[in-house]
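Peer 1: any chance you can model this:
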Amino acid sequence: MSQILALTSAVFYGLGDFLGGFATRRSSVWTVTAWSQTLGLGVLAVGIIVVPATAVTGADILWGAVAGAIGLVGLATLYSTLALGSMTIVAPVAGATTAVIPVIVDLSQGAELSTRHWIGIGLALGAVLLIGFDPSGERTDIRMIGRAILAGTAFGVFFIALAQTSEASGLWPLAGARGTTIPISFAIAGGRRVAAPPRGRDLGMLAVLGNLDMAANVAIALALQRGPLGVSTVLSSLYPAFTAIAAVIVLRERPRPAQTAGIVVAMAAIVALAL
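Peer 2: Sure, this is the predicted structure:
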């Protein structure tokens, strides 16, 4: 069950990042972040009702708040970098970084992974790198790569913090996360005088983005509470494959051979990790 939940979060994260990059081209990254997270609260409310908590401690809420604050850094960094138009490079680098950090932490705490899990992790890491491979040999802006690594590191720490919450706490840690991130986002957006509510098409885009992001958070929170940190994180980090698929379907982009191979390898990783 935890593998299915983690994979579900990858689908939602991938589609959400696709929308987040576009939304940030039209508005400030903090406006996008503040309003999308606010508009996604309905999904969290439904989740809290459907997955009732049996025991919520202050530590669970605190870990949720820590996860939210660190994840906010990753989200703002990723959206603003994706808005530069380099989705096929930024997303895979961030995804690979996100996957590696929790696996290292998992192993340092004595976790034992089967041969099949190791193969799946290796395939997943290879997949996100293949998706971002550019055979043209053109130099990539090192600052963009640095920002992608920063975003991936923040997401990795987000997963680690969220994994510290108990299964009995249900989805209340995410309430602690949103209780932290939404005020911070609006404070920064307001400081830049760009916190006005979106309208029309922009409002619809941010509503979809917020719902996708919250659905992904709900799925990964449940996965981390029920399964191994490393495996759940690697599966969730396959989101660049779904970002690429969305670009092919919506924007009619033709993936490079390496990207196509990466998507195939990602599917193989899913099989290895989810069976």
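
Peer 1: contact partners for Ala96?
Peer 2: By Cβ atoms under 8 Å, 6 or more residues apart in numbering, the residues touching Ala96 are Leu125, Val128, Leu129, Gly152, Ser237. For the C-beta atoms, the positions are set from N, CA and C on the backbone; glycine is no exception.

Peer 1: can you tell me the helix or strand for it?
Peer 2: Using DSSP states H and E, Ala96 sits in helix 87-108.

Peer 1: got it, and Gly71?
Peer 2: Gly71 is part of helix 58-82, with elements assigned from DSSP H and E.

Peer 1: helices and strands around that helix, which ones?
Peer 2: helix 2-26, helix 29-39, helix 87-108, helix 142-162, helix 172-191 (3 or more Cβ pairs under 8 Å, 6 or more residues apart in numbering; DSSP states H and E).

Peer 1: and that helix, which residues are buried?
Peer 2: Neighbour-count burial for helix 58-82, counted by 16 or more other Cβ atoms under 10 Å, picks out 60-82.

Peer 1: quick one: low-confidence parts of the stretch 151-275 of the chain?
Peer 2: 191-197, 253, 255, 267, 270-271, 273-275 (pLDDT under 70).

Peer 1: could you point out the helix or strand that follows the helix or strand containing Asn211?
Peer 2: Of the helices and strands defined by DSSP H and E, Asn211 is found in helix 200-226. Sequence-wise, the next helix or strand downstream of helix 200-226 (DSSP H and E) is helix 229-236.

Peer 1: contacts for that next one, please.
Peer 2: Identification of contacts with helix 229-236 by Cβ under 8 Å, 6+ apart yields 2-3, 5-7, 9-10, 13, 98-99, 102-103, 105-107, 111, 113, 117, 120-121, 124-125, 156, 159-160, 163, 216, 220, 223-224, 269-270, 273-274.

Peer 1: find me the pLDDT at Ser136, would you?
Peer 2: If you check Ser136, the pLDDT there is 60.

Peer 1: who are the contact partners of Pro161?
Peer 2: One correction, residue 161 is Ala, not Pro. Shown in contact with Ala161 (Cβ under 8 Å, 6+ apart): Trp63, Gly64, Val66, Ala67, Ile70.

Peer 1: quick revisit: list only buried entries from the contacts of helix 229-236.
Peer 2: Listed as buried from the contacts of helix 229-236 are 2-3, 5-7, 9-10, 13, 98-99, 102-103, 105-106, 113, 117, 120-121, 124-125, 156, 159-160, 163, 216, 220, 223-224, 269-270, 273; burial here means 16+ other Cβ under 10 Å.

Peer 1: just checking, what packs against the helix or strand containing Ile121?
Peer 2: If you go by DSSP H and E, Ile121 is part of helix 115-131. With contacts taken as 3+ Cβ pairs under 8 Å, 6+ apart, helix 115-131 sits against helix 87-108, helix 229-236, helix 239-251, helix 257-274.
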